[in-house]
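Peer 1: Below are the sequence and a predicted model; questions follow.
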Amino acid sequence: MTVRVRFAPSPTGYLHVGGGRTALYNWLFARHAGGTLILRSDDTDVARSTQEYYDDIVDSMRWLGLDWDEGIEAGGPHEPYRQSARLERYREAAAALVASGAAYYSFETPEQLDEFRREAQQAGKPPAYDGRFRLADDEARSRFEAGAAAPVRFAVPRPGETTFEDVVRGEVRFDHVQVDDFVILRSDGSPTYHLASTVDDFDFRITHVVRGEDLLSSTPKHILLTHALGGTPPAYAHLPLLMGPDGSKLSKRHGHTAINAYRTDGYLAEAVRNYLAILSWSPGTDEEIVSLADMVERFDLGGVSKSPAVFDVTKLEWMNGVYIRDLSVDEFVDRALPFVEEELGRSLAANERDEFARVAPLVQERTKLLTEIGPQVRFLFGDIGYDETSWDKVMTKAGAKEAVIGALSRLAAADPWDTTTIETTLRELLDELELSARKGLQPLRVAVTGSSVSPPLFESIEALGRERTLARLEAASARM
RNA sequence: GGCCCCGUCGUCCAGCGGCCUAGGACUCCGGCCUUUCAAGCCGGCAACGCGGGUUCGAAUCCCGUCGGGGCCA
C-alpha cells in the first residue's frame, strides 16, 4: 500500500509553529515511506478564510523546504484541493448518508436540545445528544421536501463504541455515549469540519491522518463517518500539542507563533525545521543537529513522544547559531545581505558587498540571528552614532585619549594597510603608553565602530580603510 | 461537569525489568582562551509527582491518587 498523507490547514490564520510541525511530520513520514504528500486547503469557513493566509501557508511551507506532490498549487488527480470548491460533493455525501439511514434531517428544537443537555448534566451523564427526539424518517423527509430547513445529523450507533489503534498513542477507546449525533451539514447547506474533512480523506485515498492531539476526541466521528461512506478508515496519528513556557497551549500571547515571523526575525529555515523535528521526536542518537536526509531516513511516527512539548525559543536560537556557523562564507553572505540592507535602509553597492564579504567570516561566528548582522557591520557603511553607554564606560578612562591620538599618528603611517601591520603598529603603541590591550584597544574600538562590542578590531580597521579610520579617530578625539 | 490524553533535570530528548550511584542537549553557574562580544574547550548545579502492589530486582509492568493538557458543555 502506498502511503498517502495530507496536511490540511485552514487559511484562517498564518501558518503557526504547531502547524509547521504537523506539516513537517507529515512530510517526513511521506518521504521516509516513499509516499505522497497532499496539501489541502480546508477553507469551508469562507467568512474567516483569506487569500493572504492562504498565500502565507504556501509560502511558509516552501520556506521550510516542505514540498508536496498533490494539492493546491500543484494539482493532481483529485482536483480541486480546496474545500470551498467541493461543496456540492459534501451535499451529495450528506444526502447519500440520509438515504442510507446513516444520517437524518434533524428537526429537534433548541428547547428539546437544551432540555436534553440539562437532564444529562443533572444526571451526571455526558451531554452528548443521543438522537432521542429524532423524527421518524418519512416524516422528516416530507417536512424537508416541503421546504423546511434542517441540519443533517449523523446517527451514531447506540449502544456502541469505537476503538482504534493510534500510531503514536496506541489503543484508544471511546464509548458512544460520549459521541453526540453530530451535525454534518448545516441547515444552510454548508458542511461541518467533520464531514468535509472525512469525505476528502476518503475521496483522496488518504492512508494516514497525522494531526494534532486536539482532534483526538473527534476521531470516532471520523471513523464512523468513513464507514458510513463505505470506506476503510485511515490510520490515525495524533501529535502532542505544543505549549508555551507557562504550560498552556501555545498561542499568540507567548510571542511569535507564525512561521513567517521566524523568517523575518533572522532564523534559518533549516534550523527551524531541525528544532521542530527534534521537539517531539528523537532520531535515537545523542546528536540533536540532524541533516534532512538523516531525518527522512530515521523518522518514525511510532517514536513520537506522547506528552506535550514546550516550545523553547532559547534553544531554537542556539540551534540557529549552529546552523549559521555551519554555512559556507558565500552562503552566509547571500543570506545575510538582505538583512544588512534592511538594517541600513538601502541596498549595498558592489564594492560595499565586497567589504562586507571580507568581514563576513568574523561576523558569522558571532551571530545567532541574521538580524544581528546589520548592527555589527553598520560601522562599515555610513555614519556611526556612538553608543553612549559604551562611550561613557570606555572613553572617560585614563589613557583613552592618549590611545586614540597615538593611534591616529601611527596608523597614518602604517604600511602596508593590512591586519598584521595594523596589529603590530597598535601593539607598539600599547607598549609605549604602557597600556594593557584591554585598556588601550577598547577606546579605539569605540572610536572606530561606535561601540564597545564589535567584530575583532584589527580586521575591522583594515576593512574600514585608512582614510575612514583616521577620520573616525579624529572625530573621537575631538569629542573626548 | 463528562470523557479522553499525558506525567524522567527549569525546558527538549534518551531510557522500553537488571548495563541507571538515570545519559545527551538548551539554559544557568564557575574556569580556560582572549583586543570587546561571541565561538570553542573544561567543570558544576539540576529529574524518575506521590502511594500501593507485581518481581530476586522497577524510571521501566499494574492499580490508585495528585497534577497538567485537550475536546465537548
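Peer 2: Good, I have the coordinates.
Peer 1: how much space is there between the residue sitting furthest away from the middle of chain A and A:Ser409?
Peer 2: Taking C-alpha atoms, centre = their mean, the residue of chain A most remote from its mean C-alpha position is A:Glu432, at 55.9 Å. A:Glu432 sits 11 Å away from A:Ser409, going by C-beta to C-beta, to the nearest Å. (Glycine included, C-beta is placed from N, CA and C.)
Peer 1: for A:Pro455, same thing?
Peer 2: From A:Pro455 to A:Ser409 the distance is 25 Å (C-beta to C-beta).
Peer 1: higher neighbour count, these two?
Peer 2: A:Pro455 (22 against 11; other C-beta atoms under 10 Å).
Peer 1: element containing the residue farthest from the centre of chain A?
Peer 2: A:Glu432 belongs to helix A:419-433 when assigned by DSSP states H and E.
Peer 1: Which other helices and strands does that helix contact?
Peer 2: helix A:400-413, helix A:437-449, helix A:457-464 (3 or more C-beta pairs under 8 Å, 6 or more residues apart in numbering; DSSP states H and E).
Peer 1: list the contacts for A:Leu229?
Peer 2: By C-beta atoms under 8 Å, 6 or more residues apart in numbering, the residues touching A:Leu229 are A:93, A:97, A:198-199, A:202.
Peer 1: Quick check: residues of the stretch 251-400 of chain A near RNA strand B?
Peer 2: The stretch 251-400 of chain A has residues A:278-282, A:284, A:286, A:288, A:303, A:305-310, A:312, A:314-315, A:318, A:321-322, A:325, A:365-368 near RNA strand B, with proximity defined as C-beta under 7 Å from any atom of the strand.
Peer 1: Tell me if the worst-scoring helix or strand of chain A on mean pLDDT is near RNA strand B.
Peer 2: When each helix and strand of chain A is scored by mean pLDDT, DSSP states H and E, helix A:110-122 comes last, with a mean of 86. Yes. For a cut-off given as C-beta under 7 Å from any atom of the strand, helix A:110-122 has contacts with RNA strand B, namely A:117, A:121.
Peer 1: where do the strands sit along chain A?
Peer 2: Using DSSP state E, the strands of chain A run over A:4-7, A:36-39, A:70-71, A:103-105, A:152-154, A:161-166, A:170-175, A:183-185, A:208-212, A:235-239, A:242-243, A:309-310.
Peer 1: ok, the last one: who's next to it in the sheet?
Peer 2: Paired neighbours of strand A:309-310 in the sheet (DSSP bridges): strand A:242-243 (parallel).
Peer 1: ok, now the fifth one?
Peer 2: Neighbouring strands of strand A:152-154 in its sheet, by DSSP bridges, are strand A:103-105 (antiparallel), strand A:183-185 (antiparallel).
Peer 1: Just put those strands in CSV and tack on distance to A:Thr469, mean neighbour count and mean pLDDT.
Peer 2: Listed next are these as CSV, based on distance: least, C-beta to C-beta, whole Å; neighbours: other C-beta atoms under 10 Å; pLDDT from 0 to 100:
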stretch, distance to A:Thr469, mean neighbour count, mean pLDDT
strand A:103-105, 80, 24, 95
strand A:183-185, 74, 24, 96
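Peer 1: For A:Ser217, find the nearest of those.
Peer 2: Nearest to A:Ser217 among the strands paired with strand A:152-154 is strand A:183-185; the distance by C-beta to C-beta comes to 16.2 Å.
Peer 1: and that closest one with RNA strand B, contact?
Peer 2: No. Strand A:183-185 does not reach RNA strand B (C-beta under 7 Å from any atom of the strand); its nearest approach is 9.5 Å.
Peer 1: follow-up on the earlier one: using JSON lines, lay out the helices and strands packed on helix A:419-433 together with mean pLDDT.
Peer 2: Below are the helices and strands packed on helix A:419-433 laid out as JSON lines (pLDDT from 0 to 100):
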{"stretch": "helix A:400-413", "mean pLDDT": "94"}
{"stretch": "helix A:437-449", "mean pLDDT": "95"}
{"stretch": "helix A:457-464", "mean pLDDT": "95"}
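Peer 1: Now find how far off-centre the helix holding A:Glu432 is within its chain.
Peer 2: 49 Å (C-alpha atoms, centre = their mean, to the nearest Å).
Peer 1: Please list the residues of the stretch 101-250 of chain A that sit near RNA strand B.
Peer 2: So far as C-beta under 7 Å from any atom of the strand goes, the stretch 101-250 of chain A lies against RNA strand B at A:117, A:121, A:124-128, A:169-170, A:172-175, A:178, A:180, A:213-214, A:216-218, A:240-241, A:243, A:247-249.
Peer 1: which of those are buried?
Peer 2: Buried by 16 or more other C-beta atoms under 10 Å: A:128, A:169, A:172, A:174, A:180, A:213, A:216, A:218, A:240-241, A:243, out of those.
Peer 1: Just the residues you listed: which are in helices?
Peer 2: The members of those all map outside helices under DSSP state H.
Peer 1: Leaving out the residues flanking it, which one is nearest to A:Ala400?
Peer 2: In space, and not counting its chain neighbours, A:Ala400 is closest to A:Pro443: 4.0 Å by C-beta to C-beta, 6 or more residues apart in numbering.
Peer 1: can you count the residues close to that neighbour?
Peer 2: 28.
Peer 1: Now the helix holding A:Glu432 - C-alpha only, PDB.
Peer 2: Extracted C-alpha coordinates of helix A:419-433, given in PDB (Å, rounded to 0.1, in the frame of the first residue of the first chain):
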ATOM      1  CA  THR A 419      45.700  43.300   9.600                       C
ATOM      2  CA  THR A 420      49.200  42.200  10.600                       C
ATOM      3  CA  THR A 421      50.700  45.600  10.200                       C
ATOM      4  CA  ILE A 422      47.900  47.300  11.900                       C
ATOM      5  CA  GLU A 423      48.100  44.900  14.900                       C
ATOM      6  CA  THR A 424      51.900  45.300  15.100                       C
ATOM      7  CA  THR A 425      51.600  49.100  14.900                       C
ATOM      8  CA  LEU A 426      49.000  49.300  17.600                       C
ATOM      9  CA  ARG A 427      50.800  46.900  19.900                       C
ATOM     10  CA  GLU A 428      53.900  49.000  19.700                       C
ATOM     11  CA  LEU A 429      51.700  51.900  20.700                       C
ATOM     12  CA  LEU A 430      50.300  50.000  23.700                       C
ATOM     13  CA  ASP A 431      53.900  49.200  24.800                       C
ATOM     14  CA  GLU A 432      54.900  52.800  24.600                       C
ATOM     15  CA  LEU A 433      51.900  54.000  26.500                       C
END
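Peer 1: May I see the buried residues of that helix?
Peer 2: Buried residues in helix A:419-433, counted by 16+ other C-beta under 10 Å: A:422-423, A:425-426, A:429-430.
Peer 1: what two of those residues are the furthest from one another?
Peer 2: A:Ile422 and A:Leu430 (12.7 Å).
Peer 1: re earlier: can I get the strands of chain A in CSV including distance to A:Asp354?
Peer 2: Listed next are those as CSV, based on distance: least, C-beta to C-beta, whole Å:
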stretch, distance to A:Asp354
strand A:4-7, 43
strand A:36-39, 41
strand A:70-71, 43
strand A:103-105, 70
strand A:152-154, 67
strand A:161-166, 57
strand A:170-175, 59
strand A:183-185, 64
strand A:208-212, 47
strand A:235-239, 47
strand A:242-243, 43
strand A:309-310, 44
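Peer 1: ok, the residue of the stretch 151-300 of chain A found nearest RNA strand B - contacts?
Peer 2: Minimum separation of the stretch 151-300 of chain A from RNA strand B (C-beta to the nearest atom of the strand) falls at A:Ser282, amounting to 2.9 Å. Shown here is A:Ser282, whose contacts under the criterion C-beta under 8 Å, 6+ apart are A:303, A:305.
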